[in-house]
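**Q** here are the coordinates; sequence isn't available:
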């Protein structure tokens, strides 16, 4: 019967499709600290997504590192230039301020985001298949831990404590209490801004891995389209 042949053909096609889907599904094991939902067609798709997210996180972290490093460096250099030109009683304000900003530059040079190291390691690696998947997932895990620690209460406490100490040095050692309070307050604000603007792309990647692929990968700067004109907009999500 024609209808029977059609039923057999449909059943065969459905079975073949199910077998192909099962074959294409991700087969590599998932890192013990990650969970993966049904968001990937196969392991190649999974590796490409992870690599793209690591590249994106590295670019954002580089912009953050360079932005704060250069800004604090200019702040320190500017105060060093102003100090000799100031009245003698005000010079300690500039010297101590320059030193505090210099320490900020040092933190950006020494404590680099972990995603930089992981990205370099992945570039040197020649692994393929599931071994490559494991390396990518491990890079996400350790980079996410670095980002989490960078915004921890410990980091906030260290920043606040250091700036309070700089203010005390200026206020007590140089008898400049008002200037010391001002330096401490400004330093605390700058330190907190540096901490809260730290990118968290790897944390979001670890959280969204496999569960959803709608993780923002928009650039920091993008076009603003408005009727009859154009311009530039800064997107605040990091």
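**A** The structure has been received and is ready for your questions. In this text, all values refer to a predicted model and were calculated from it rather than measured experimentally.
**Q** tell me where the protein has strands.
**A** 221-226, 229-234 (DSSP state E).
**Q** contact partners for the closest residue to residue 102 other than its chain neighbours?
**A** Spatial nearest neighbour of residue 102, excluding adjacent residues (Cβ to Cβ, 6 or more residues apart in numbering): residue 76 at 4.6 Å. For glycine as for every other residue, the C-beta is placed from the backbone atoms N, C-alpha and C. By Cβ atoms under 8 Å, 6 or more residues apart in numbering, the contact list for residue 76 reads 98, 99, 101, 102, 104, 105.
**Q** and residue 153, how far is that from residue 172?
**A** 27 Å (Cβ to Cβ, to the nearest Å).
**Q** more neighbours: which of those two?
**A** residue 172 (11 against 7; other Cβ atoms under 10 Å).
**Q** can you find the helix or strand in the chain with the smallest mean pLDDT?
**A** The helix or strand of the chain with the lowest confidence, counting by mean pLDDT, DSSP states H and E, is strand 221-226 at a mean of 40.
**Q** where does residue 46 land on pLDDT?
**A** Turning to residue 46, the model gives it a pLDDT of 88.
**Q** what is the burial count for it?
**A** 22.
**Q** repeat that for residue 78.
**A** Residue 78: 14 neighbours (other Cβ under 10 Å).
**Q** could the contacts of residue 76 go into TSV alongside neighbour count, pLDDT and distance to residue 36?
**A** Listed next are the contacts of residue 76 as TSV, based on neighbours: other Cβ atoms under 10 Å; pLDDT from 0 to 100; distance: Cβ to Cβ, whole Å:
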residue	neighbour count	pLDDT	distance to residue 36
98	18	96	49
99	16	96	48
101	23	96	44
102	16	96	44
104	23	95	39
105	19	96	40
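**Q** and the residue lying closest to residue 75 once chain neighbours are set aside, how far is that from residue 191?
**A** Closest residue to residue 75 apart from its sequence neighbours, by Cβ to Cβ, 6+ apart: residue 101 at 4.4 Å. Separation of residue 101 from residue 191 (Cβ to Cβ): 11 Å.
**Q** show me the shaky parts of the chain.
**A** Counting by pLDDT under 70, the chain has low-confidence residues at 1-25, 37-38, 210-238.
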